[in-house]
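# What follows is a protein structure lacking sequence information:
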């Protein structure tokens, strides 16, 4: 071994040791800062998200009427009750149908709007903001406007005034269950509130598609319009579309705000168009105060959303690289 | 530039969000709802009221609390969904010491949420209207001191009925035909709430055919599908015939639909009388819900908020002493509470007898209706899941047009199941 080799080795060793020391020193210095910044957030997350989830799972195995510290263990009885409860199953069924309808509709309309706004040569920011604005509106406020001024059942409601111009009699939009006109109010409200948000996601996706692809397609003789959309735009938007469908699907099963505010009265909620969460709300948090059955229902709903999400991810490839 | 151990912009943002969140949480913690301070010494007793619509009630109850010397009473005036807030608060340890509620539920008693108040009444017990005292009684023990009675009834526009040539209806058939005759392009015949009566009517249709929610001992279902089906079928007919007002901006408890001339008849309550009087003068009358058939009776649902003590309170004895002082001993305050602000019937017959407001006009008619036909709608044994099962059936029958008999049979099955878990 020559002296130069030794010198080299020392240099190597020395620098590695220095680096290690520097790293340890740095970690020691930033450790308090890390906890100051992350600690409160983490504590909040644990206290208000993880503890309730675990507690709820525990409660679902107990007879917990009017108490959150139950003592009577009932095993799977609450789950059996909920899975044989025709009202809960009916609400799950209704909302599967609702999801099948609302998810494609939202995707189609928001994608359509995104394509239109994307093609604009001027005032694009203006239209983007206009379509996005409803997303900033509270569900509760919007529900009140829908209920009290647009879809109220008397002759001076907006919808009925328009019908009146054509000589059509007033329709009790939210009261009538046969035909179920209330869906008109519920679906239009949801679309108005959320289409703008998903449109912005699609716009972001559209802006990421490289222009060369369209040029190449043009050179290869693809006709502008449907062909380009079908073979270039749509495949390039796959990741965005899958994310939008996923978010939409979860939102559909978690529907609560506008349903509760449009359909419920001081005396409760009707048995139709009753979202699973509204049913559980009345079981566990309303005057029912039955936390065992309520928690079992919540766990079932969470599992259902999980399963549907995983299946949908498998089918469309969420998270797969393009 | 990448700093492996330094602070990234994202880290700073996350930390800031965390700090904001802690700040918000701290703000939540200080909101104990103990704004107004009482005057007394001794333990601090919190008292909850729901939000009364009439002006002056809040100031009045705070004045009473301040006048009590043996405890420091803190009044919380609760806006919004009072019943749900109360039910949630009673589960935890932070609930009120004294509160008001309209019925002592059997499941609340089972969960040891309510303190036994049987011994605070003393000789005054006979002075309370028996029907509203029954709503506070479970297994012979009393859990609430009734404060003021409210009742529901049918308002009708006298001149409009006269013009259409119909008299105030006393049977369901008359009500149906009157509603139809009174309906024209601008006015509907009858308003029973935006759900066509499915929510508010409750036990009233059952009473009108001689049935009830539960048997007298509260252990069995009090109606049969066969006996109750015709009256619900009649409500469905009325609903689908277009003579009911539906989707009004304000629901049944608010008389605006009636005073604005959207409907000729409306189901509402005693509290609406002053507003209606102001708008229509003498051009209105009040009647009970009509008979369904020969076996039924005219029906008038009543209810009373009652002062109740939380059994989990740290100061149960102080809370009981305060409730006794205010709602049993201090009759001048009870009189002020019942008669000076809105339109209530005092729960104590000795005070009701001296009420001038209730000695003429619609007020007197209402008192007469209560004395002759008044019945408490929700009894201690009628729990929330039973009510949901029953109301679901009504919604399906009236609004969807489902078969009344099979819907009622389903409801009876669900109620039976609840009863069997309560009394096993």
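Arrived safely, thanks for sending. Because the structure is a prediction, the values reported are computed rather than measured.
# What about residue 205, how many residues nearby?
You didn't say which chain, so I picked chain A. 21 (other CB atoms under 10 Å in any protein chain shown). C-betas here are computed from N, CA, C, even on glycine.
# my bad, chain B
For residue B:205, using other CB under 10 Å, the count is 24.
# Mind telling me what element it is part of?
In the assignment (DSSP states H and E), residue B:205 maps to helix B:204-207.
# And the pLDDT for the closest residue to residue B:280 other than its chain neighbours?
With sequence-adjacent residues excluded and distances taken as CB to CB, 6 or more residues apart in numbering or on different chains, residue B:280 is closest to residue B:259, at 6.3 Å. At residue B:259, the model reports a pLDDT of 95.
# What mean pLDDT does whichever helix or strand comes after the helix holding residue B:205 get?
Elements were assigned by DSSP H and E; along the chain past helix B:204-207, the next helix or strand is helix B:225-240. Mean pLDDT, helix B:225-240: 93.
# Need the residues that contact helix B:225-240.
Where contact means CB atoms under 8 Å, 6 or more residues apart in numbering or on different chains, the residues beyond helix B:225-240 that reach it are B:172-173, B:175-176, B:179, B:190, B:196-197, B:201, B:205-206, B:208-211, B:244, B:246, B:292-293, B:394, B:397-399, B:401, B:404-406, B:408-409, B:412.
# so which helix or strand takes in the closest residue to chain A within the stretch 201-350 of chain B?
In the stretch 201-350 of chain B, the residue that lies nearest chain A is residue B:247 (1.7 Å; CB to the nearest CB). Under DSSP H and E, no helix or strand contains residue B:247.
# Would you mind measuring from it to residue B:210?
Going from residue B:247 to residue B:210 by CB to CB, to the nearest Å gives 33 Å.
# more neighbours, those two?
Counted by other CB under 10 Å, residue B:247 and residue B:210 do not tie: residue B:247 has more neighbours, with 23 against 16.
# check contacts around the more buried one.
Shown in contact with residue B:247 (CB under 8 Å, 6+ apart): A:151, A:152, A:153, A:154, A:157, A:172, A:173, A:174, A:175, B:194.
# One more: residue B:138?
Listed by CB under 8 Å, 6+ apart, the contact partners of residue B:138 are B:104, B:106, B:109, B:380.
# next one: residue B:148
By CB under 8 Å, 6+ apart, residue B:148 lies in contact with B:304, B:305, B:337, B:338, B:344, B:345, B:346, B:347.
# Run a quick neighbour tally on the residue in the stretch 201-322 of chain A that chain B sits nearest to.
Residue of the stretch 201-322 of chain A nearest chain B, by CB to the nearest CB: residue A:267 (3.2 Å). Applying other CB under 10 Å, we find 18 residues neighbouring residue A:267.
# Any regions of chain A where pLDDT drops low?
Scanning chain A for pLDDT under 70 picks out A:1-28, A:317-322.
# any chance you could map the helices in the stretch 1-150 of chain A?
In the stretch 1-150 of chain A, the helices defined using DSSP state H, counting those that start in this stretch lie at A:3-45, A:51-59, A:77-83, A:86-119, A:124-132, A:139-145.
# still on that earlier bit, from the contacts of residue B:138, list just the buried residues.
The neighbour-count criterion (16 or more other CB atoms under 10 Å in any protein chain shown) marks B:104, B:106, B:109, B:380 among the contacts of residue B:138 as buried.
# Next one: the closest residue in space to the residue of the stretch 201-350 of chain B closest to chain A that isn't next to it in sequence relative to residue B:335, how far apart?
Counting by CB to CB, 6+ apart, residue B:247 lies nearest to residue A:153, which is 1.7 Å off, once chain neighbours are set aside. Note on residue A:153: its distance to residue B:335, by CB to CB, is 42 Å.
# out of these two, which sits in the busier spot?
The neighbour count for residue A:153 versus residue B:335, taken as other CB under 10 Å, is higher for residue A:153 (24 against 17).
# Surely the residue of the stretch 201-322 of chain A closest to chain B is in contact with residue B:200?
Yes. Using CB atoms under 8 Å, residue A:267 is in contact with residue B:200, at 6.1 Å.
# where do the contact lists of those two overlap?
residue B:193.
# would you list the contacts of residue B:247 in JSON lines and tack on secondary structure and distance to residue A:49?
Shown next, in JSON lines, are the contacts of residue B:247 (DSSP: H, G, I helix; E, B strand; the rest coil; distance: CB to CB, whole Å):
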{"residue": "A:151", "secondary structure": "coil", "distance to residue A:49": "36"}
{"residue": "A:152", "secondary structure": "coil", "distance to residue A:49": "38"}
{"residue": "A:153", "secondary structure": "coil", "distance to residue A:49": "41"}
{"residue": "A:154", "secondary structure": "coil", "distance to residue A:49": "44"}
{"residue": "A:157", "secondary structure": "coil", "distance to residue A:49": "41"}
{"residue": "A:172", "secondary structure": "coil", "distance to residue A:49": "41"}
{"residue": "A:173", "secondary structure": "coil", "distance to residue A:49": "38"}
{"residue": "A:174", "secondary structure": "coil", "distance to residue A:49": "34"}
{"residue": "A:175", "secondary structure": "coil", "distance to residue A:49": "38"}
{"residue": "B:194", "secondary structure": "coil", "distance to residue A:49": "37"}
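# which stretches of chain B have low pLDDT?
B:1-40.
# change it to 80
Applying pLDDT under 80 to chain B flags residues B:1-41, B:53, B:93, B:342, B:357, B:424.
# all strands for it, in order.
Along chain B, counting by DSSP state E, strands occupy B:44-50, B:72-78, B:98-101, B:137-138, B:141-142, B:145-156, B:188-191, B:263-269, B:285-287, B:300-309, B:345-346, B:374-376.
# give me every residue that touches residue A:231.
By CB under 8 Å, 6+ apart, the contact set of residue A:231 is A:217, A:222.
# Am I right that it sits in a helix?
Yes. Looking at residue A:231 with DSSP: H, G, I helix; E, B strand; the rest coil, it is inside a helix.
# how much space is there between it and residue B:147?
If you go by CB to CB, the gap between residue A:231 and residue B:147 works out to 74 Å.
# just residue A:84 next, same as before
For residue A:84, the distance to residue B:147 equals 42 Å [CB to CB].
# try residue B:330
Where residue B:147 is concerned, residue B:330 sits at a distance of 12 Å (CB to CB).
# Pick out whichever of these two has more residues nearby.
residue B:147 (22 against 16).
# Tell me who's in contact with the closest residue to that one other than its chain neighbours.
In space, and not counting its chain neighbours, residue B:147 is closest to residue B:305: 5.1 Å by CB to CB, 6+ apart. Neighbour list for residue B:305: B:50, B:100, B:101, B:102, B:146, B:147, B:148, B:150 [criterion: CB under 8 Å, 6+ apart].
# Residue of chain A nearest chain B, please.
Taking CB to the nearest CB, chain A has residue A:153 as its residue nearest chain B, at 1.7 Å.
# How about the contacts made by that residue?
Neighbouring residues of residue A:153 by CB under 8 Å, 6+ apart: A:160, A:170, A:171, A:172, A:173, A:174, A:175, B:194, B:245, B:246, B:247, B:248.
# again, 6 Å this time
A:172, A:173, A:175, B:246, B:247 (CB atoms under 6 Å, 6 or more residues apart in numbering or on different chains).
# Closest one of the residues you listed to residue A:257?
If you rank those by distance to residue A:257 using CB to CB, residue A:173 comes first, at 18.4 Å.
# I'd like the distance between that closest one and residue A:150.
8 Å.
# More neighbours: which of those two?
residue A:173 (24 against 18).
# Which residue, neighbours along the chain excluded, lies closest to that one?
residue A:151 (3.9 Å).
# do residue A:247 as well
Per CB to CB, 6+ apart, closest to residue A:247 is residue A:198, 7.6 Å.
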